[in-house]
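In: give the three-dimensional model of this entry:
(2 chains)
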Number of protein chains: 2
Amino acid sequence: MLLPFNVEARDPGSRARAGTLLTGHGAVLTPVFMTVGTRATVTGLDPVDLATLAAPVVLANTYHLMLRPGAEAFRRVGGIHRFMGYSGPVLTDSGGYQIFSLAADRTVNERGALFRSYVDQRLELLTPERSIEIQTAIGSDIMMVLDECIDSTSGAEATRAAMERTHRWALRCLSARSNPAQALFAIVQGGLVPELRRHSAEFLTAHPFDGFAIGGLAVGDTRAQREDVTRASAELLPDDRPRYLMGVGTPPDLLHAMLAGVDMFDCVLPTHLAWQGTAFTSTGRVKVTRGPSATADVPLDAACGCATCQRFSRAYLNHLFKCSEPLGPRLLSLHNLHHYYALMREAREAIVAGAFAAYARAKLDAIDRHEHSGRRLGDAPRPAQPS
Amino acid sequence: MLLPFNVEARDPGSRARAGTLLTGHGAVLTPVFMTVGTRATVTGLDPVDLATLAAPVVLANTYHLMLRPGAEAFRRVGGIHRFMGYSGPVLTDSGGYQIFSLAADRTVNERGALFRSYVDQRLELLTPERSIEIQTAIGSDIMMVLDECIDSTSGAEATRAAMERTHRWALRCLSARSNPAQALFAIVQGGLVPELRRHSAEFLTAHPFDGFAIGGLAVGDTRAQREDVTRASAELLPDDRPRYLMGVGTPPDLLHAMLAGVDMFDCVLPTHLAWQGTAFTSTGRVKVTRGPSATADVPLDAACGCATCQRFSRAYLNHLFKCSEPLGPRLLSLHNLHHYYALMREAREAIVAGAFAAYARAKLDAIDRHEHSGRRLGDAPRPAQPS
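Out: Alright, predicted model coming up:
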């Protein structure tokens, strides 16, 4: 049986839809932004904080967790939920992207990816079967297939070869699955080549995956390319299955992708930028240690209802960051995640009300206006270290 | 009018006593351990955490706060309570100890201490009057006089000269006080010389200070010297005023000082060691990344009722520290502070029950037993960086 997914509302002016995903650890309302908790922790936050924020899903990472603490640690306690004291839904990425972007001494062949562990310098082989075995031990509610990631601007031949290997690996992952309670999503690849994306979607959707991700974006592509591929790929994915745009993105990225019918997102930006002292606000991004209002006795964002804005001033946040006090990144992480979740809640309400196209346009215009004096939000450089 | 302080119970077997201190931000039950929040933040913790822990008092520091954010930031918002979003009692140290231990290009003369700011490299002059002016702006409930600190093992002449200057500065602080709602404590100095300590106590207690601190310890002295000076000094202090042992210490230090009649304590140890991965437990200190049980699926301290021990395993804490994830130090800070507060609560109950001498002896024996295979707890090296 496939992961229960029900589409409850559709926006008449776009392909946006509102749905519910029923995982083993609770229902998830879509569209959903998933918080990155790479190493079985959302950096600096406690599961109590996640509950307070009503964080819907935590996204952990197979590559990092296989190296530390290792699959055995999860087997012993019965999975990541008990390990990290968190009872909500968890999705695990397969490790494909991290092997592409982080691993040392990497060689990839048909069998899998050989790389050197950053923990003990031993060689590790991550095959599709081993990725599923580890994700099974981790006990995530949604597993991802191991894919071969390459730069989205690679040539057509390399892109096709990686895509075809991704397809073969996806089928090996499907065969390797042993726990039917854990959903498995496939990942559409094909770089920036429309025919390859079409072929990838057609191939993968012919198999009983619980959902379909759009992978290989936000790795060298422009915002316009990302939007084009997302729109085209989303159209090719079945209406009755959740669609997940991996590793994306800024608020405008999310709005564009929701317009295209994407249901699920994850990105390190809200937490990553928080640790660098940058806040998302209703009037654009704010570096808390800069600008004339950095020492003002006013909230970071007067329009924000988060615990940080309700209780602390710009001056205090500035002080914490100037002193390198860890409460600073913590308070900003709480704020940035609240900002993202509030955007997703508003977006879902607009979809249910049948007014999403107009809502998204107004929101995109407002963000552009706030950022128009400098670079545009969507073209901001991505964080240097992927999670 | 002096700060209201009422002694409610006395231990028949020792000089220990239980009291209540009535500050402008609430009643404080003594003996009390005050949490170090040097820069208007208890490292990594939110005021909500302090409330959950029932942290009785936060101790902030004039030296650090005068340099950043500066007195004006506190004047603008009306004090540290609003600045840091905390409504409980605050004590400010005067900066004397930090000038002694941290300041660059320091020269001390009768007027005050001249030193170079670590924020903007400008020369700053901290006089007794300026310390009180800044503490008034900070708006702490209890201010400390500016004292001249020297190494506790300095020669008798240098120790006497610093003590006499501390006395003159204490009277200048008393004259400079402008807000009667803020209590002012004097600091007994005199190093390890009994006659000097006696003289210092006699001199200072002849003036209307709200309380009396024992200063100049834990700066080069041994545990035995510290205990002797504490016991002798505490006996010289008036019965109707709170006694505060500054910068001390380990659980055995606290127990010995309570036996001697000390009411108030502060120390960076519980938070400082937490950031280094060391926990205080009912069976001794534990480095969470070491030892055969570091990866066990058991609580850090099965006898502990704190939020960390109730929800997380040794294996998870070990994982967080191995990954340098900031949730690790945060969870350990919550645990270590809980451990200290629980000790103080137990101690107070024992005093009220008239059974403190036996309680303290049993507790000291248990701690010695847990640590007997290695060095004794009380002789552990102090953290290198004073707060």
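In: so what does the helix or strand where residue A:258 lies touch, helix or strand wise?
Out: Secondary structure from DSSP states H and E places residue A:258 in helix A:251-259. For helix A:251-259, the elements it packs on are helix A:223-236, strand A:264-267, helix A:327-352, helix A:356-371, judged by 3 or more C-beta pairs under 8 Å, 6 or more residues apart in numbering or on different chains; DSSP states H and E. The C-beta positions use only the backbone N, C-alpha and C, and glycine is treated the same way.
In: can you give me the buried ones in that helix?
Out: The neighbour-count check on helix A:251-259 (16 or more other C-beta atoms under 10 Å in any protein chain shown) flags A:251-259 as buried.
In: from the chain's centroid, how far away is that helix?
Out: Relative to its chain's centre, helix A:251-259 lies at 13 Å (C-alpha atoms, centre = their mean, to the nearest Å).
In: nearest to residue A:306, of the helices and strands packed on helix A:251-259?
Out: When the helices and strands packed on helix A:251-259 are compared by C-beta to C-beta, helix A:327-352 sits nearest residue A:306, at 3.6 Å.
In: burial count for residue A:266?
Out: The burial count assigned to residue A:266 is 24, neighbours taken as other C-beta atoms under 10 Å in any protein chain shown.
In: follow-up on the earlier one: what's the closest of the buried residues of helix A:251-259 to residue A:301?
Out: For the buried residues of helix A:251-259, the nearest to residue A:301 is residue A:251 (13.4 Å; C-beta to C-beta).
In: picking that back up, can you name the residues in contact with the helix holding residue A:258?
Out: A:14-16, A:31, A:33, A:223, A:226-227, A:230-231, A:234, A:245, A:248-249, A:265, A:267, A:280, A:340, A:343-344, A:347, A:351, A:356-357, A:360, A:363-364, A:367-368, A:376-378 (C-beta atoms under 8 Å, 6 or more residues apart in numbering or on different chains).
In: among these, which are within reach of chain B?
Out: Among the contacts of helix A:251-259, not one lies near chain B by C-beta under 8 Å from any C-beta of the partner chain.
In: out of those residues, which end up buried?
Out: Neighbour counting with 16+ other C-beta under 10 Å marks A:14-16, A:31, A:33, A:223, A:226-227, A:230-231, A:234, A:245, A:248-249, A:265, A:267, A:280, A:340, A:343-344, A:347, A:351, A:356-357, A:360, A:363-364, A:367, A:377-378 as buried within the contacts of helix A:251-259.
In: look up the closest residue to residue A:344, ignoring the ones flanking it.
Out: residue A:33 (4.9 Å; C-beta to C-beta, 6 or more residues apart in numbering or on different chains).
In: show me what whichever strand or helix holds the one you found is packed against.
Out: According to DSSP H and E, residue A:33 maps onto strand A:32-36. If you count contacts as 3+ C-beta pairs under 8 Å, 6+ apart, strand A:32-36 packs onto strand A:58-61, strand A:264-267, helix A:269-275, helix A:327-352.
In: now render those as CSV, adding mean pLDDT.
Out: Shown next, in CSV, are those (pLDDT from 0 to 100):
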stretch, mean pLDDT
strand A:58-61, 98
strand A:264-267, 98
helix A:269-275, 97
helix A:327-352, 98
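In: which one of those is the most hemmed in?
Out: Burial of these is given as mean neighbour count (mean count of other C-beta atoms under 10 Å in any protein chain shown); strand A:58-61 ranks first at a mean of 26.
In: partner strands of it, with direction?
Out: Paired neighbours of strand A:58-61 in the sheet (DSSP bridges): strand A:32-36 (parallel), strand A:90-93 (parallel).
In: need these in a markdown table (columns: mean pLDDT).
Out: As requested, those are exported to a markdown table (pLDDT from 0 to 100):
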| stretch | mean pLDDT |
| --- | --- |
| strand A:32-36 | 98 |
| strand A:90-93 | 98 |
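In: can I get those in TSV with distance to residue B:117?
Out: As requested, those are exported to TSV (distance: least, C-beta to C-beta, whole Å):
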stretch	distance to residue B:117
strand A:32-36	39
strand A:90-93	47
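In: so which of the ones you listed is the most packed in?
Out: Ranked by average neighbour count under the criterion mean count of other C-beta under 10 Å, the strands paired with strand A:58-61 are headed by strand A:90-93 at a mean of 28.
In: mind listing what's buried in the following helix or strand past that strand?
Out: The first helix or strand that comes after strand A:90-93 along the chain, using DSSP H and E, is helix A:96-101. Residues of helix A:96-101 classed as buried: A:96-100 (neighbour count, 16+ other C-beta under 10 Å).
In: looking at it, residue A:299 is touching residue A:315, isn't it?
Out: No - using C-beta atoms under 8 Å as the test, residue A:299 is too far from residue A:315 to be in contact (10.5 Å).
In: what about residue A:6, neighbour count?
Out: With other C-beta under 10 Å as criterion, residue A:6 counts 12.
In: make sure it is indeed in a strand.
Out: Yes - checked against DSSP: H, G, I helix; E, B strand; the rest coil, residue A:6 lies within a strand.
In: which non-adjacent residue is nearest it?
Out: Using C-beta to C-beta, 6+ apart and skipping the chain neighbours, the partner closest in space to residue A:6 is residue A:20 (5.1 Å).
In: which residues does that neighbour form beta bridges with?
Out: Judged by DSSP bridges, the bridge partners of residue A:20 are residue A:6, residue A:29.
In: from chain B, how far off is it?
Out: Applying C-beta to the nearest C-beta, to the nearest Å, the value for residue A:20 to chain B is 29 Å.
In: ok, now residue A:193?
Out: Using C-beta to the nearest C-beta, residue A:193 is found at 38 Å from chain B.
In: ok, that residue - contacts?
Out: Counting by C-beta under 8 Å, 6+ apart, residue A:193 has contacts A:156, A:159-160.
In: where does it fall, phi/psi-wise?
Out: Backbone geometry at residue A:193, expressed as degrees, to the nearest 10, gives phi -100, psi 110.
In: what separation is there between it and residue A:199?
Out: Counting by C-beta to C-beta, to the nearest Å, the separation of residue A:193 from residue A:199 is 9 Å.
In: now swap in residue A:157 and tell me
Out: For residue A:157, the distance to residue A:199 - C-beta to C-beta - is 14 Å.
In: the two: who's more crowded?
Out: The neighbour comparison of residue A:157 against residue A:199 (other C-beta under 10 Å) goes to residue A:199, with 19 against 8.
In: over to the more buried one. Which of the three states is it?
Out: Here residue A:199 is recorded as helix under three-state DSSP.
In: got the contact list for the residue nearest to it when sequence neighbours are not counted?
Out: Using C-beta to C-beta, 6+ apart and skipping the chain neighbours, the partner closest in space to residue A:199 is residue A:190 (6.8 Å). Residues in contact with residue A:190 (C-beta under 8 Å, 6+ apart) are A:159-160, A:163, A:196-200, A:216.
In: shouldn't residue A:190 be within a strand?
Out: No - if the criterion is three-state DSSP, then residue A:190 is coil and not within a strand.
In: ok, so what distance separates it from residue B:150?
Out: Distance from residue A:190 to residue B:150, by C-beta to C-beta: 73 Å.
In: now swap in residue A:171 and tell me
Out: As judged by C-beta to C-beta, residue A:171 and residue B:150 stand 76 Å apart.
In: also residue A:129?
Out: 68 Å.
In: neighbour count winner among the two?
Out: Neighbours were counted for residue A:129 and for residue B:150 using other C-beta under 10 Å; residue B:150 has more, 21 against 17.
In: wait, is that one part of a helix?
Out: No - going by three-state DSSP, the assignment for residue B:150 is coil, not a helix.
In: just checking, it touches residue B:100?
Out: Yes - assessed by C-beta under 8 Å, residue B:150 is found in contact with residue B:100 at 6.8 Å.
In: can you give me the end-to-end span of stretch A:276-293?
Out: End-to-end distance for stretch A:276-293: 18 Å, by C-alpha to C-alpha, to the nearest Å.
In: and it, what's buried?
Out: Buried residues in stretch A:276-293 (16+ other C-beta under 10 Å): A:277-281, A:284-286, A:288-289.
In: adding pLDDT, secondary structure and distance to residue B:40, write the residues you listed out as CSV.
Out: Shown next, in CSV, are the buried residues of stretch A:276-293 (pLDDT from 0 to 100; DSSP: H, G, I helix; E, B strand; the rest coil; distance: C-beta to C-beta, whole Å):
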residue, pLDDT, secondary structure, distance to residue B:40
A:277, 98, coil, 18
A:278, 98, strand, 22
A:279, 98, strand, 20
A:280, 98, strand, 25
A:281, 97, strand, 23
A:284, 94, strand, 28
A:285, 96, strand, 26
A:286, 96, strand, 21
A:288, 97, coil, 16
A:289, 96, coil, 16
